[in-house]
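Undergrad: model the structure of this input:
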Amino acid sequence: MSVHFQREMGKLKSRLVELCNRVLHQVDRAVQSLMERHRETAQQVLEDDRRIDIEEVEVEEECLKILALYQPVARDLRFIVCALKMNNDLERIGDLAVNIARKTLSLCKQDGVQLPNILPEMCMSVQQMLRDSAEALVKGDSELARSVLRRDAEVDKRKREVRQWAEELIRQDVGLLRSALAIMAAARNLERMADHATNICEDVIYLVEGAIVRHQTVELDS
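TA: Just a heads-up that it's a prediction; the model follows:
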């Protein structure tokens, strides 16, 4: 391939990593706003979402331009396909961070309800999954990607525990319904972030090994 092609591929990889870092920062701020019920931080997450949307479109345009101009094959083609899919997952994670920030703003308007103990643990688990999926992408580390996939079930379990906590809280005091629902929705958004992290890691495995591991849990034990 030409020097121009390699330069374009390098630029695309850099932009994908930049988007990934921006999204991770959004998630960290959304989680901070939720844990601290910090209105200003939540508002900042909402205001910065537009930048992620713009970058997502720019990355997609870069992918399509490379496909049209250079018609890559083999691993280069796999990377472009994965970049398009990862780009979409990153944008969706950014949207979920916005959803959490909105739930924070809702909680700020209500009487204080103690967050369930399991929620901070869930936040840390999801944030680590996202950081590891980003590292797996940057380093092309399929083993790290597999470790992220194995952690998804634990996040699902914690989401169910938050739901059980919320249902019990509502049974005890129906006046806390709105707060309980907001916290339950935040947990649901965290669980969906974890799903997108697993999507990215499945694409990393495909990129590195050429193996499609979706719905093939047996492959994760290798």
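Undergrad: state the helix or strand in which Leu16 lies.
TA: helix 3-36 (DSSP states H and E).
Undergrad: buried stuff in that helix?
TA: By 16 or more other C-beta atoms under 10 Å, the buried positions in helix 3-36 come out as 8-9, 12, 15-16, 19-20, 22-24, 26-34. C-beta: built from backbone N, CA, C; applies to glycine.
Undergrad: next secondary structure after that helix?
TA: Assignment by DSSP H and E places the next element after helix 3-36 at helix 39-70.
Undergrad: any idea how far that next one is from the chain center?
TA: Here helix 39-70 is found 14 Å from its chain centre; the criterion is C-alpha atoms, centre = their mean, to the nearest Å.
Undergrad: next one: stretch 180-192
TA: 14 Å.
Undergrad: buried residues of that stretch, list them for me.
TA: Going by neighbour count (16+ other C-beta under 10 Å), the buried part of stretch 180-192 is Ala180, Ala182, Ile183, Met184, Ala185, Ala186, Ala187, Arg188, Asn189, Leu190, Glu191, Arg192.
Undergrad: how about stretch 157-167?
TA: For stretch 157-167, the neighbour count (16+ other C-beta under 10 Å) marks Arg158, Lys159, Glu161, Val162, Arg163, Trp165, Ala166 as buried.
Undergrad: same check, this time on stretch 87-104
TA: Residues 87, 89-104 are the ones in stretch 87-104 that count as buried (16+ other C-beta under 10 Å).
Undergrad: check which helix or strand the closest residue to Asn21 other than its chain neighbours maps to.
TA: Distances taken as C-beta to C-beta, 6 or more residues apart in numbering place Ala134 nearest to Asn21, at 7.4 Å, with adjacent residues excluded. According to DSSP H and E, Ala134 maps onto helix 118-139.
Undergrad: check which element follows that helix along the chain.
TA: Immediately after helix 118-139, counting by DSSP H and E, sits helix 142-172.
Undergrad: great, nothing more from me.
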